[in-house]
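Undergrad: only geometry, no sequence info:
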């Protein structure tokens, strides 16, 4: 199938709220390889660089937004009702990504890919020096464990976005397993491995983290996060026994006491709590401002003069908003069909209103602290462990246990308990995890078709069959052109010439 370069004729301002300096941020957390190979303190700086690449808006924000907007529940403003799109995320939402990086908003695949491998390279540099770095001790051991964990997380993100699901074709083309640091022939010219081989490496990396981590600060990838990430990975592989095992090691108990309260959930995700096992901490000095995840949602805990969830007059959005409103770009919305999945008392029903229903409901799940973009963002939450446990128990024939675990989460959120069917668990994942980057991968691993109910023509693509090749992002042209190990057959099917 010949390559699709669908370019929308959009006369929209591009990123006018941010300066060109924001677009060209270069992390200051870089040191020479020579330092990393011999000194723990210098290697810690490199580790912070790996985290910085992961948290960069060209990776973290774009990957999370793309993953959810390619699902069935979230939509985005068309720009027709006074809320411009700024060209952000249009091509993800419309399944029209391209393998190019110019203009950059048409090819997010190139940015996600680039920053993921930058983070991997920083981790590889630390891993390569583990035998010679001094001094030895617990700090060094935990730092190396984090490097393995970050590499595994990046490999997992890349596999979920750029490859077929393990449950579909485990022997199909996966990603590039770059395991050596630096810009050498060996490290740069790497062939595409299979999905099965990629998952084997991911499991190996997360297992190393789990077995060697001695830190407990949730700002950094740690032992309990490793357990939940192993559970997530094994669930992708339909290895329900191991997925349940590691979910339980992460969650520890399924009595609801380790879940955030309803008031914490309603407050808008911006500060970590006991449920967050690993999070990214954006501070007022380091946040990506308008390019951070919260900016793409509309945060306002109250709205004067309107019942929650009501139609809002366009002119009142600014004039009657409460003082704590921080709007940002506000391009990602909830489809009406998704809003209707929630009961009134469900604390996750965070859709304060809409201007036009076709343009989607505002979403207040993600908040800001001091200013736009200043917020903490979760990578791993205990609630996901409950959902993994419920799905695994059901798949292993333990329906009563599955129901108990699922109902505990539902009651904690203010929802009516249901039977534990595969569809009900999937619906619960959608209600619990929306905006956190799970939608596309769940469709792929469960081998579901895409069925966008109730979305207008702006959606571009409303339906796709299960296991569609369009569920994979294209391998960026820069990789295809310069990697000597790749041929046209290594490009994902839908994007081949």
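TA: Everything's here; your move. Please read these numbers as outputs of a predicted model, since none were measured by experiment.
Undergrad: Can you give the contact residues for whatever helix or strand residue 410 lives in?
TA: Assigned by DSSP states H and E, residue 410 belongs to helix 399-413. Contact with helix 399-413 is made by 254-256, 259, 262, 265, 346-348, 383, 386-387, 389-391, 393-394, 416-420, 424-425, 428, 431-432, as judged by Cβ atoms under 8 Å, 6 or more residues apart in numbering. All C-beta atoms are positioned from the backbone trio N, CA, C, and that covers glycine.
Undergrad: can you map out the strands along the stretch 51-200 of the chain?
TA: Applying DSSP state E, counting those that start in this stretch to the stretch 51-200 of the chain gives strands spanning 74-76, 173-176, 192-194.
Undergrad: Oh, that last question was meant for the stretch 301-450 of the chain, not what I typed.
TA: Under DSSP E, counting those that start in this stretch, the stretch 301-450 of the chain gives strands at 310-311, 332-334, 353-354, 376-381, 450-451.
Undergrad: Tabulate these (a markdown table), appending mean pLDDT.
TA: Below are the strands of the stretch 301-450 of the chain laid out as a markdown table (pLDDT from 0 to 100):
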| stretch | mean pLDDT |
| --- | --- |
| strand 310-311 | 92 |
| strand 332-334 | 94 |
| strand 353-354 | 92 |
| strand 376-381 | 95 |
| strand 450-451 | 96 |
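Undergrad: quick one on the thing from earlier: with respect to burial, which of the strands of the stretch 51-200 of the chain scores highest?
TA: Comparing the strands of the stretch 51-200 of the chain by mean neighbour count (mean count of other Cβ atoms under 10 Å), strand 74-76 ranks first with a mean of 26.
Undergrad: and it, average pLDDT?
TA: Mean pLDDT, strand 74-76: 93.
Undergrad: Name every strand pairing with it and say which way it goes.
TA: Its sheet considered, strand 74-76 pairs with strand 332-334 (antiparallel) by DSSP bridges.
Undergrad: nearest to residue 352, of the strands of the stretch 51-200 of the chain?
TA: Of all those, it is strand 74-76 that lies closest to residue 352, at 15.5 Å by Cβ to Cβ.
Undergrad: so how far is the closest one off the chain centroid?
TA: Its chain's average C-alpha position is 15 Å from that of strand 74-76, according to Cα atoms, centre = their mean, to the nearest Å.
Undergrad: what does stretch 401-410 give?
TA: Chain-centre distance of stretch 401-410: 25 Å, with Cα atoms, centre = their mean.
Undergrad: Need the strands of the stretch 301-450 of the chain in CSV (columns: mean neighbour count and distance to residue 496).
TA: Shown next, in CSV, are the strands of the stretch 301-450 of the chain (neighbours: other Cβ atoms under 10 Å; distance: least, Cβ to Cβ, whole Å):
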stretch, mean neighbour count, distance to residue 496
strand 310-311, 11, 46
strand 332-334, 27, 30
strand 353-354, 20, 40
strand 376-381, 22, 33
strand 450-451, 15, 21
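Undergrad: would JSON lines of those strands with distance to residue 46 be doable?
TA: Below are the strands of the stretch 301-450 of the chain laid out as JSON lines (distance: least, Cβ to Cβ, whole Å):
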{"stretch": "strand 310-311", "distance to residue 46": "51"}
{"stretch": "strand 332-334", "distance to residue 46": "33"}
{"stretch": "strand 353-354", "distance to residue 46": "46"}
{"stretch": "strand 376-381", "distance to residue 46": "20"}
{"stretch": "strand 450-451", "distance to residue 46": "40"}
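Undergrad: Nearest to residue 45, out of those?
TA: Nearest of the strands of the stretch 301-450 of the chain to residue 45, taken as Cβ to Cβ: strand 376-381 at 21.5 Å.
Undergrad: Surely residue 270 and residue 292 touch.
TA: No: in this structure, residue 270 is not within contact of residue 292 by Cβ atoms under 8 Å, at 10.6 Å.
Undergrad: Distance-wise, check residue 435 relative to residue 269.
TA: Residue 435 sits 8 Å away from residue 269, going by Cβ to Cβ, to the nearest Å.
Undergrad: more crowded one of these two?
TA: More neighbours surround residue 269 than the other of residue 435 and residue 269, with 27 against 24 (other Cβ atoms under 10 Å).
Undergrad: Not counting sequence-adjacent ones, nearest residue to that one?
TA: Leaving aside its sequence neighbours, residue 269 sits nearest to residue 366 (Cβ to Cβ, 6 or more residues apart in numbering; 5.1 Å).
Undergrad: Counting neighbours, what do you get for that neighbour?
TA: When counting by other Cβ under 10 Å, one arrives at 23 neighbours for residue 366.
Undergrad: now do residue 45
TA: By the criterion of other Cβ under 10 Å, residue 45 has 16 neighbours.
Undergrad: by contact count, what packs against the helix or strand hosting it?
TA: Per DSSP H and E, residue 45 falls inside helix 40-55. Here helix 40-55 touches helix 33-38, helix 108-128, helix 138-162, strand 276-281, going by 3 or more Cβ pairs under 8 Å, 6 or more residues apart in numbering; DSSP states H and E.
Undergrad: mind redoing it with 7 Å?
TA: Using 3 or more Cβ pairs under 7 Å, 6 or more residues apart in numbering; DSSP states H and E as the contact test, the elements touching helix 40-55 are helix 33-38, helix 108-128, helix 138-162.
Undergrad: Including mean pLDDT and mean neighbour count, could those helices go into a markdown table?
TA: Formatted as a markdown table, those follow (pLDDT from 0 to 100; neighbours: other Cβ atoms under 10 Å):
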| stretch | mean pLDDT | mean neighbour count |
| --- | --- | --- |
| helix 33-38 | 60 | 15 |
| helix 108-128 | 94 | 24 |
| helix 138-162 | 97 | 23 |
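Undergrad: and residue 459, which of those is closest to it?
TA: helix 108-128 (17.5 Å).
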